[in-house]
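Participant: Just need the structure, nothing else, for what follows:
(chains A and B)
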Amino acid sequence: MKKQTKPASVKKPDGTLKRYFKNMKTATKVDYATYLGVILAFAVVMACQSAGLLNRQVTGMLVPICCYICMAVSLNLTVGILGELSLGHAGFMSVGAFSGIVASMSLGFTGAGDVVRLVAAIAIGAVVAAIAGVIVGVPVLRLRGDYLAIVTLAFGEIIKELINCLLVGFDENGLHIRFNYDGNSVMGDLGLTENGVEIIKGAQGAAGNEKLSTFVAGFVLVMITLIVVLNLVRSRTGRAVMAIRDNRIAAESVGINVTKYKLTAFVVSAALAGAAGGLYGLNFSSLASTTFDFNASILVLVYVVLGGLGNIWGSIVATVVLYALPEALRGFDDLRMLVYAIVLILVMLATHNERLRALLAKVLPRRKGAAVHG
Amino acid sequence: MKKKNFAALFLAGAMCFGFLAGCGGDTGSASDPVDSSQEVSDGGSQASGSGTAGGTFQIGFIGPLTGNNASYGTSALQGAQIAVNEINALGGDIQFEISFQDDVSDAETAVNAYNTLMDGGMQMLIGPVTTGPAISVAAETYADRVFAVTPSASSLDVIDGKDNYFQICFTDPNQGISAATYLSETLPDATVAVIYNNGDSYSTGIYEAFAEEYTALGGEIVYTGTFTEDSQTDFSVQLTGAQNAGADLIFAPIYYTPASVILTQGDAMGYDFTLFGCDGMDGILGVEGFDTSLAEGMLLLTPFSADLEENATFVDAYQEAYGSIPTQFAADGYDCVYTLYTALQQAGCTSDMTAEEICDAVIPVMTQIQVDGMTGVLSWAATGEVTKDFDVYVVENGAYVVA
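Facilitator: The predicted structure follows:
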């Protein structure tokens, strides 16, 4: 009797775990797999780095890749989950990056530690970008059709021009901000004291910011982004958002507040982009507003579309591959971007080719389920 | 239909692999767009390892070779290549091997390019060519202790607080102040308007210094017009503004491509003015489809003139290799290489030294050396700022004449 119960009691947790996984929805499984994949990738990269296996080229790309993963995942929330086309995602990143730099350099003036400055930059970047998201979203998300695409496109360009006109400095008396609307003001007009630091110099952008971003911070930000987005998608709010995407009239008829849920998804997406911007801004010693132009928005959109709309892990994989690709193609010299374009077209063709998909499904039969639900 | 798609995919794939196969062996270290030099630099490498101050040094170059600013990066690289060829052809102890990477004039790509070059064993760096990328890369070189010179990144932020980074070009404030002094001394009667690119740090930097100095000297700017890269195809608003304000001289610290548009549109409007530009204006006579007669009488403040006799060897070599007249960017690139050459000679460096050792050895001699280059006689302050002469040239009969 006792001999029979003993193995049973040992097996019991195994059994429940197995049952737990068996009863788990495929979507949840994919989510956990995504977390696990990111953590594994992080562990492998860290191990390689400490073993000295990574060259400078790869090491230098780690933080930007983390930033772009956050960008792609957050844009996927707007484009894939909410179903609204946003063409100004880089605008939010820009807002986050510049407000993050202002926060970090101001704190640096007061002598705060590096970690505090980095966290503050990311947090403030997220908050300011969220505010920008509300300002853009409230009027526009009430409309139907492609208005969001047009307005976000304009938003990105407006942000670029606004930052070109922005002069910001910091000294003992606090923050000095001047808006150079007629193009005649210079940094001297800010009235900084001798010890003051010039932070944003209009079109010259921000220069002289310390490089505080680390790969660990990037990993943490990616995990936070994933937790926020995946939990949002699987929550009541997420189901409401997807209901709006699939059929707006049906969603309205069951009493879903369309504007509220749209705005929630949009602002969360903007805030995460702002956080990514905060990290990005502190990874380079100089930052100009022209970095975050229309092309940058489209680049992130390409990551999302190639990774699959609504497919979070797809966005991550696509971002890593497509970001690393132009750097890996440096051997081609002048033909680099041409080859990059050809590869993009190939990926597009390949992922939409039924034969190839069927072939893949045969080779990887277990992926079939994931591909459908993911 | 599906079969067709599949066939198309297959063919596209085959084409891509063709590319891969065709270019796979090329690591970017040799010279693809500037291939005339390849034999020379290969032949020169035989001398490696001999002598005390010598060996083959790995020089990296970063600049925009594609994208909007490609012409500046390409010019600087070609100029540098000419100098490398000359030095290698001398057969002296110091030989150079130049590897180049494209940065599309983007800070992020520039840092990636820099890391790639470092992986390739770069010992000294030339570049980046444009300011934004240069600030980011300069911070990296400072952290890594890699000696670097930039041909044309002229902002003070580039050299600020970095002892290892030197400029070949004037700083922006320096140019603005020189232009203001020249105007108030030589042309005190001119009514001055300014048109500048407020989306560009080079242009904004010169403008700010110019405006401050010119006002301080008692001058008055009657009109200030701005534009950005997106709006540099139409200047009717700015030109009308300047005309209405009664300006007869327009100070335009901008690059030559938009300047050619200003001259063309001003002529079409029947507005008679003198254009006054800085070193970025050099190259205006080579703009495709531009009626160079419109540039007659134009003033420019630049350290380099392709029409000077003493520069003829370089200009001829450049023309032979690339079929065009070198701009100031090319001259700066050329001077970069000779600066490295002179500094290495003076410091007695050998090619088996690491980048860090070379950096430490070269920094102290930079303030002692003088380089007689294409853009004048160059000497440096410890801050990284260059001292050299510049002249104001006037365009007469399609050539620069000292004004």
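Participant: quick one: low-confidence parts of the stretch 51-200 of chain B?
Facilitator: Residue ranges of the stretch 51-200 of chain B with pLDDT under 70: B:51-53.
Participant: got the residue ranges for the helices in it?
Facilitator: Along the stretch 51-200 of chain B, counting by DSSP state H, counting those that start in this stretch, helices occupy B:70-90, B:107-119, B:131-144, B:156-159, B:172-186.
Participant: Need the residues that contact the shortest one.
Facilitator: Right, the one you point to is helix B:156-159. Where contact means CB atoms under 8 Å, 6 or more residues apart in numbering or on different chains, the residues beyond helix B:156-159 that reach it are A:204, A:207-208, A:286, B:131, B:134-135, B:138, B:150, B:165-167, B:171-173, B:205, B:383-385. (C-beta placed from N, C-alpha, C; glycine too.)
Participant: Which SSE is immediately downstream of the longest helix along chain A?
Facilitator: Longest helix of chain A, by residue count under DSSP state H: helix A:114-140. Per DSSP states H and E, the first helix or strand lying C-terminal to helix A:114-140 is helix A:147-164.
Participant: quick one, phi/psi of the closest residue in space to A:Tyr181 that isn't next to it in sequence?
Facilitator: In space, A:Tyr181 comes closest to A:Cys165 once its chain neighbours are excluded; the distance is 5.9 Å by CB to CB, 6 or more residues apart in numbering or on different chains. Main-chain torsions, A:Cys165, degrees, to the nearest 10: phi -100, psi 0.
Participant: which residues sit in contact with A:Cys165?
Facilitator: A:179-181, A:183, A:202, B:198.
Participant: And B:Ser105, by the same measure?
Facilitator: Contacts were defined as CB under 8 Å, 6+ apart; by that measure B:Ser105 touches B:64, B:67-69, B:73, B:129-130, B:132-133.
Participant: How much space separates it from A:Glu157?
Facilitator: B:Ser105 is 19 Å from A:Glu157, where distance means CB to CB, to the nearest Å.
Participant: Contact residues of the stretch 1-150 of chain A facing chain B?
Facilitator: Counting by CB under 8 Å from any CB of the partner chain, the stretch 1-150 of chain A comes close to chain B at A:55-57, A:59-61, A:64.
Participant: out of those residues, which are buried?
Facilitator: Those of the residues of the stretch 1-150 of chain A next to chain B that meet the buried threshold are A:56-57, A:60-61, A:64, by 16 or more other CB atoms under 10 Å in any protein chain shown.
Participant: Which of these fall in helices?
Facilitator: Here DSSP H is the test, and those give A:56-57, A:60-61, A:64 as lying in helices.
Participant: And the strands in the stretch 151-300 of chain A?
Facilitator: Ranges of strands in the stretch 151-300 of chain A, per DSSP state E, counting those that start in this stretch, are A:166-171, A:174-179, A:197-201, A:206-207, A:286-287.
Participant: Around chain B, which positions in the stretch 151-300 of chain A sit nearby?
Facilitator: Contact residues (CB under 8 Å from any CB) of the stretch 151-300 of chain A with chain B: A:161, A:164-165, A:182-184, A:186-188, A:201-205, A:207-208, A:211, A:284-291.
Participant: try 7 Å
Facilitator: Contact residues (CB under 7 Å from any CB of the partner chain) of the stretch 151-300 of chain A with chain B: A:164, A:183-184, A:186, A:188, A:202-205, A:207-208, A:211, A:284-288, A:290-291.
Participant: Got a PyMOL select line for the buried ones in these?
Facilitator: A single PyMOL command selects the buried members of these (16+ other CB under 10 Å):
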select buried, chain A and resi 164+183+186+202+203+204+205+207+208+211+284+285+286+287+288+290+291
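Participant: mind putting the helices of the stretch 51-200 of chain B in JSON lines, distance to A:Leu306 and mean neighbour count included?
Facilitator: Shown next, in JSON lines, are the helices of the stretch 51-200 of chain B (distance: least, CB to CB, whole Å; neighbours: other CB atoms under 10 Å in any protein chain shown):
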{"stretch": "helix B:70-90", "distance to A:Leu306": "27", "mean neighbour count": "24"}
{"stretch": "helix B:107-119", "distance to A:Leu306": "20", "mean neighbour count": "25"}
{"stretch": "helix B:131-144", "distance to A:Leu306": "27", "mean neighbour count": "25"}
{"stretch": "helix B:156-159", "distance to A:Leu306": "37", "mean neighbour count": "25"}
{"stretch": "helix B:172-186", "distance to A:Leu306": "41", "mean neighbour count": "20"}
